[in-house]
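Visitor: I'll drop the sequence and a predicted model, then ask my questions.
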Amino acid sequence: MTAFAVRHGGSRQLAGTGTLLRFALRRDRLMIPVWIAVDALMVLSMPGTLEGLYGTPAERADLVRQMAANSSLRAMVGPVFGDSLGALTAWRVGIYAGALAAVMSLLVVVRHTRDEEESGRQELVASGAVGRRASLTAALLAAAVANAVLALLVTVGLAGQGAAGALALGLGIAGVGMVFATMAAIVAQLTESARLARGLTAAVLGTAFVLRAAGDSGTHDGSSVLTWLSPLGWLENLRPYAGERWWVLALLSGAVVLQGAVAYALAGRRDLGMSFLPTRPGPASGRLGTTSALAWRLQRGGVLGWSIGFFLAGVVYGGMTEGAADLVGDNANARRIIERMGGQSGLTDAFLASMIGMLGLVAALWIVASVLRLHGEETSGRAEPVLANAVGRLRWAAGHLVIAFGGAAWIMLLAGLGFAVGYGRQVGPVLAACLVQLPAVWVVGGVAVLLHGVLPRAAVAAWGLAGAVLLIGWIGPALDVPRAVLDVSPFGHLPKLPGGSMEWGPVAVLTGVAGLLVAGGLAGLRRRDMST
């Protein structure tokens, strides 16, 4: 990427890159380590978990045979290519670790490119001795540093399972991250909005996951054309710990170089703040005559995307319920993990409860993103013209919060309908189990509102909370962590439905806590100065 930039303007194009890189890493000194820690811990904790679940070679070989015959589970986690602990680790978490690296990378790149232009800070930076492509280079280098650290942790942490496999898995995860970093760099040149850039790149990632899932559901060896159309499919076909295919890294490297070259070419052909796909101007009256209508206009794309995703996830998880129960039914350790996640009312109900709980954890990410849209509107200066009219701060905030909190209820309802379509049974109990996740989701959203209202500079810390909740809920039961640790998350206090008994006390308490957090955040927003 640097060589390409030099050929198109010499060292002047990159002047100030080192300074901007140090500044980017300093700004992300909390966000990047949190993402790396979550991703690395998920990978490194898996060998011990798998050893507890499948402690003998016979049990692991039986798992491989069952996975080859279970298309629904292959669609979820991919095919398994070996029965060693290393191969099973790559199978169980490799795709998800690559997806997390991709999300981290696209957030870093968009934040230090289009976000900077949208806020006006890039114009100030560009007025100094800074090259035309320095900001883009610094953003990509920041993503490269983050992925390199992640690859190093994975390689060192799994070296005991086999150095070659550990290196392949680490490089594959980092390679997927960089593919989506350079993809985000391209999209940032095409769009005027940082929000749209993040959304479009995330949509590409979602498409990659769907293509891989569709391909893997039809073949047991990752050979489907659909699988090879997805960077996540390249990662699984790298086959760490199962006869590594080192040449697959050339696909990842080639995609990074090609996309980086396109991003550099586009960056040199547009004016600062402009884009190749300008935002279409909307009406100034009518449907946008209220703050609620404006908030809906700004967030409707996100609501639609998350709605489709949750419905399809419900269909997939519902369809694999019977197969998953058959897979873990004879394994006492796997049964215990499912029961720790979903209760002890029977394996099928416990599996449903655990999958619904996972979607509840993901819904926490939605509500944080939606609430922090307030923060983005404020820091970009777009909130100021709205508030300059006869619009109070609480009324302005309420439009976004209704979508954030109401949208969480909507996507969980759609997830329940998806489960009803995929599983075809217990429609009422499954819908109730999805909706009972809402108080915990709202608590996470309430923390985001409180941070934005009282400590706006620390508002992004809400992502750290959402990540910690996701980590506790996802990995905690598998590691058999103490109950006190699980109870740190609001999701640890919810009743385990379906199958378990409904407990209204914790639900009421969590709902009340969420209300108090929102009230505190709105009170802080009403009293503090607006930032720009």
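Guide: That came through fine. Numbers count the residues shown, from 1 in each chain.
Visitor: Ser501 in helix, strand or coil?
Guide: Assigned state for Ser501: coil (three-state reduction, DSSP: H, G, I helix; E, B strand; the rest coil).
Visitor: wait, it sits on Pro429?
Guide: No - applying C-beta atoms under 8 Å, one finds Ser501 not in contact with Pro429, separated by 11.8 Å. (Each C-beta comes from the backbone N, C-alpha and C, glycine too.)
Visitor: So the two - more neighbours on which side?
Guide: It is Pro429, of Ser501 and Pro429, that has more neighbours when counted by other C-beta atoms under 10 Å, with 17 against 9.
Visitor: Let me see the contact set for the nearest residue to the more buried one once chain neighbours are set aside.
Guide: What sits nearest to Pro429 in space, not counting adjacent residues and going by C-beta to C-beta, 6 or more residues apart in numbering, is Pro498, at 3.7 Å. By C-beta atoms under 8 Å, 6 or more residues apart in numbering, Pro498 lies in contact with 345, 349, 352-353, 426, 429-430, 432-433.
Visitor: Out of those, which comes closest to Phe491?
Guide: Ala353 (11.4 Å; C-beta to C-beta).
Visitor: Can you list the low-confidence ranges for the stretch 401-532 of the chain?
Guide: 475-482, 531-532 (pLDDT under 70).
Visitor: pull the helix or strand with minimum mean pLDDT from this protein.
Guide: Least confident helix or strand, the chain: helix 2-7 with a mean of 46, by mean pLDDT, DSSP states H and E.
Visitor: quick one: which of the contacts of Pro498 is most hemmed in?
Guide: Leu352 (32 neighbours).
Visitor: Which strand or helix spans that one?
Guide: Here Leu352, judged by DSSP states H and E, is contained in helix 347-371.
Visitor: I'd like the next helix or strand past that helix.
Guide: helix 373-379.
Visitor: where in the stretch 101-250 of the chain is pLDDT low?
Guide: Looking at the stretch 101-250 of the chain by pLDDT under 70, you get 119-131.
Visitor: hey, where'd the helices end up in it?
Guide: 114-119, 121-126, 134-157, 163-190, 194-218, 225-228, 231-237, 248-267 (DSSP state H, counting those that start in this stretch).
Visitor: Mind giving me the packing neighbours of the shortest one?
Guide: What it means is helix 225-228. In this structure, helix 225-228 packs against helix 194-218, helix 231-237, with contacts taken as 3 or more C-beta pairs under 8 Å, 6 or more residues apart in numbering; DSSP states H and E.
Visitor: looking at those, which is closest to Ala383?
Guide: Of the helices and strands packed on helix 225-228, nearest to Ala383 by C-beta to C-beta is helix 194-218, at 14.1 Å.
Visitor: how about that closest one: buried residues?
Guide: The neighbour-count check on helix 194-218 (16 or more other C-beta atoms under 10 Å) flags 194-202, 204-205, 208-213, 215-217 as buried.
Visitor: Which strands or helices does it pack on?
Guide: helix 71-77, helix 85-111, helix 114-119, helix 163-190, helix 225-228, helix 231-237, helix 291-319, helix 373-379.
Visitor: sorry, back to before: let me have the helices of the stretch 101-250 of the chain in TSV, adding distance to Gly318 as columns.
Guide: Formatted as TSV, the helices of the stretch 101-250 of the chain follow (distance: least, C-beta to C-beta, whole Å):
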stretch	distance to Gly318
helix 114-119	38
helix 121-126	46
helix 134-157	32
helix 163-190	28
helix 194-218	15
helix 225-228	22
helix 231-237	23
helix 248-267	33
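Visitor: and of the ones you listed, who's closest to Arg297?
Guide: helix 194-218 (12.1 Å).
Visitor: Please identify which of the helices of the stretch 101-250 of the chain is closest to Ala102.
Guide: So among those, helix 163-190 is nearest, using C-beta to C-beta, at 3.8 Å.
Visitor: From Ala388, how far off is the residue nearest to Pro429?
Guide: Counting by C-beta to C-beta, to the nearest Å, the separation of Pro498 from Ala388 is 50 Å.
Visitor: Give the other helices and strands that the helix ranked longest in the chain contacts.
Guide: Secondary structure of the chain read by DSSP state H shows that its longest helix is helix 393-423. Using 3+ C-beta pairs under 8 Å, 6+ apart, the elements in contact with helix 393-423 are helix 291-319, helix 347-371, helix 373-379, helix 383-387, helix 427-435, helix 438-454, helix 504-527.
Visitor: Sweet, I'm off.
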